[in-house]
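Enquirer: Pasting the sequence and the predicted coordinates here, then a few questions.
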Amino acid sequence: MPGTPLTPSGDPHAPREALILDDVRVTFGRVTALDGLSLSAATGAITAVLGPNGAGKTTMMRCCTSLVSPDSGRIDVLGHAPGSPETTAATGLMPQSAGAWSGIRAGELLQYMAGLHADPIDPDLLIDALAITPFVRTTYRRLSGGQQQAVNLAAALIGRPQLVFLDEPTSGMDPHARHHTWDIIEQMRHDGVSVVLTTHAMDEAQRLADHVWIVDRGKVAVHGTVPELTVEASLEDVFLTHTSDRAAGRN
């Protein structure tokens with residue numbers, strides 16, 4: 001896989017920030033999911049968003065991919081509004097789960113996803129790069145959690161996105177699969193792709209992220225590079241200091 005770009009090189013005319021959220025607010029009934037969230041992700045970089053369950057991470061990604069409309073605030077995705085033709089064609093999303101795909105075989109799913117794009121990556125290339133071959137003929141619902149994640153990642157990449165959203169990309173993976181996925185994500189950055197990922201794994205954020213945003217209760221608690229955040233404490237200690245365990249149910 002190294003040396004074989006899975007996605008095209010970054011656009012030299014791309015904006016400096018691939019993603020900008022400015023004072024974004026989202027409520028679901030009486031629940032405030034995002035409470036004035038403001039953050040950004042640099043073009044061609046890996047940006048990690050950390051937070052406890054219910055902090056608003058998944059809601060944020062759904063807003064950025066037009067699956068949820070914010071009540072107020074501004075979101076720019078590659079210089080355009082979420083859901084615009086420009087962003088739809090240039091972004092990929094790896095969700096935490098994709099239950100709607102449960103009855104389709106992994107290989108058939110990727111062939112279908114390829115047909116939705118004008119210039120897709122050859123599904124066979126992704127099947128090989130993400131080690132999907134052993135279960136390519138298995139239906140999605142019969143895959144293990146880690147195998148489903150590999151298929152979800154392939155589906156997110158198949159349209160050659162300039163910006164890809166990865167929601168807990170290595171959840172359910174064994175250590176070998178996690179490290180292989182990290183290699184893939186680092187290859188994406190090498191190829192100029194902007195990556196925004198959520199994770200609960202501190203080691204994942206430390207290895208991959210150019211910038212880390214820690215969110216709690218729907219807003220940013222602290223942010224910086226890993227070296228900036230860990231001058232006096234580990235990343236996990238910083239996380240625990242700036243977040244609470246009372247945000248359950250916010251996503």
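Expert: Perfect, thanks for sending it. Numbers count the residues shown, from 1 in each chain.
Enquirer: from memory V220 sits against H211, does it?
Expert: No: taking contacts as Cβ atoms under 8 Å, V220 lies outside contact range of H211: 11.7 Å. (Glycine included, C-beta is placed from N, CA and C.)
Enquirer: Between the two, tell me which one has more neighbours.
Expert: A direct count of neighbours by other Cβ atoms under 10 Å for V220 and H211 places H211 higher, at 20 against 17.
Enquirer: who's in contact with the more buried one?
Expert: A41, A42, A45, T47, A48, H223, G224, T225 (Cβ atoms under 8 Å, 6 or more residues apart in numbering).
Enquirer: How about T170, nearest residue that isn't a chain neighbour?
Expert: Nearest non-adjacent residue to T170, counting by Cβ to Cβ, 6 or more residues apart in numbering: R178, 4.4 Å away.
Enquirer: T59 contacts R25, doesn't it?
Expert: No: using Cβ under 8 Å, T59 is not in contact with R25, being 10.6 Å away.
Enquirer: okay, and the common contacts of these two?
Expert: Joint contacts of T59 and R25 (Cβ under 8 Å, 6+ apart) are L34.
Enquirer: which residues in the stretch 51-200 of the chain form helices?
Expert: All helices of the stretch 51-200 of the chain, identified by DSSP state H, counting those that start in this stretch, fall at 57-64, 85-90, 106-114, 123-129, 145-157, 175-190.
Enquirer: Can you report the mean pLDDT over the residues of the first one?
Expert: Read it as helix 57-64. For helix 57-64, mean pLDDT is 95.
Enquirer: list the buried ones in it?
Expert: Within helix 57-64, the residues that qualify as buried are K57, T58, T59, M60, M61, R62, C63, C64, counting by 16 or more other Cβ atoms under 10 Å.
Enquirer: so which of these comes closest to G192?
Expert: Distances from G192 to those, taken as Cβ to Cβ, are shortest for C64 (19.3 Å).
Enquirer: Contacts only, for the closest one.
Expert: L19, L21, I75, V77, P82, T91, F165, V196.
Enquirer: now it: how far from D191?
Expert: Counting by Cβ to Cβ, to the nearest Å, the separation of C64 from D191 is 21 Å.
Enquirer: Now the worst-scoring helix or strand of the chain on mean pLDDT - C-alpha only, CSV.
Expert: Every helix and strand in the chain was compared by mean pLDDT, DSSP states H and E; the lowest is helix 85-90, with a mean of 91. Presented in CSV, the C-alpha positions along helix 85-90 are these (Å, rounded to 0.1, in the frame of the first residue of the first chain):
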residue,chain,number,x,y,z
PRO,A,85,-22.9,19.9,-4.6
GLU,A,86,-19.3,21.0,-4.1
THR,A,87,-19.0,19.4,-0.7
THR,A,88,-21.0,16.3,-1.4
ALA,A,89,-18.7,15.3,-4.2
ALA,A,90,-15.5,16.1,-2.3
